[in-house]
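Trainee: quick one, structure for this:
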Amino acid sequence: QVQLVESGGGLVQAGGSLRLSCAASGLTFSTYAMEWFRQAPGKEREFVARIVWRSGSTYCVDSVKGRFTISRDNAKNTVYLQMNSLRPEDTAVYYCNSQTQEGRVYWGQGTQVTVSS
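Mentor: Predicted structure coming up:
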């Protein structure tokens, strides 16, 4: 069973930075990718960034390109989301997930990010 624990959220002023971490346990050889999503109050959960576990290739949604960077530390089974130049509209609960090649998806409990103007 894959377990994911996010951390690193908090309150930051606009223009500031935060680094989120997603520590994973139980990852197997079939792990395909890990992703970050976010959900703002009253809105649907939206995709933010993806990293393919083996190759390390990454993809970010246009709204965060140039500001957010997803990375991984294979030895620590941890995925990071470095968030720079934060904006009030980045305020949300940030979730990470892990996907297997068989299509299973596991979610963490989320971490709150609040950006003040």
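Trainee: hey, let's count contacts and neighbours off CA atoms from now on
Mentor: Will do.
Trainee: count of residues packed around the residue nearest to Asp73 when sequence neighbours are not counted?
Mentor: Of all residues not flanking Asp73 in the chain, Val79 sits nearest, at 6.4 Å (Cα to Cα, 6 or more residues apart in numbering). Neighbours of Val79 under the rule other Cα atoms under 10 Å: 27.
Trainee: Three-state assignment for Val79, please.
Mentor: strand (DSSP: H, G, I helix; E, B strand; the rest coil).
Trainee: which other residues reach stretch 66-75?
Mentor: For stretch 66-75, contacts defined as Cα atoms under 8 Å, 6 or more residues apart in numbering pick out 49-51, 53, 56, 58, 60, 78-86.
Trainee: now restrict those residues to buried residues only.
Mentor: Burial by neighbour count, judged by 16 or more other Cα atoms under 10 Å, picks out 49-51, 53, 58, 60, 78-84, 86 from the contacts of stretch 66-75.
Trainee: ok so, going back, who's in contact with the residue nearest to Asp73?
Mentor: Val79 neighbours (Cα under 8 Å, 6+ apart): Ser21, Cys22, Ala23, Met34, Ile70, Ser71, Arg72, Asp73.
Trainee: strands - which of those residues land there?
Mentor: Ser21, Cys22, Ala23, Met34, Ile70, Ser71, Arg72, Asp73 (DSSP state E).
Trainee: where does pLDDT dip in this structure?
Mentor: Within the chain, no stretch falls below the threshold (pLDDT under 70).
Trainee: out of the contacts of Val79, who's nearest Tyr95?
Mentor: Nearest to Tyr95 among the contacts of Val79: Cys22, at 8.6 Å, using Cα to Cα.
Trainee: quick check: bridge partners of the closest one?
Mentor: Going by DSSP bridges, Cys22 is paired in beta bridges with Glu6, Val79.
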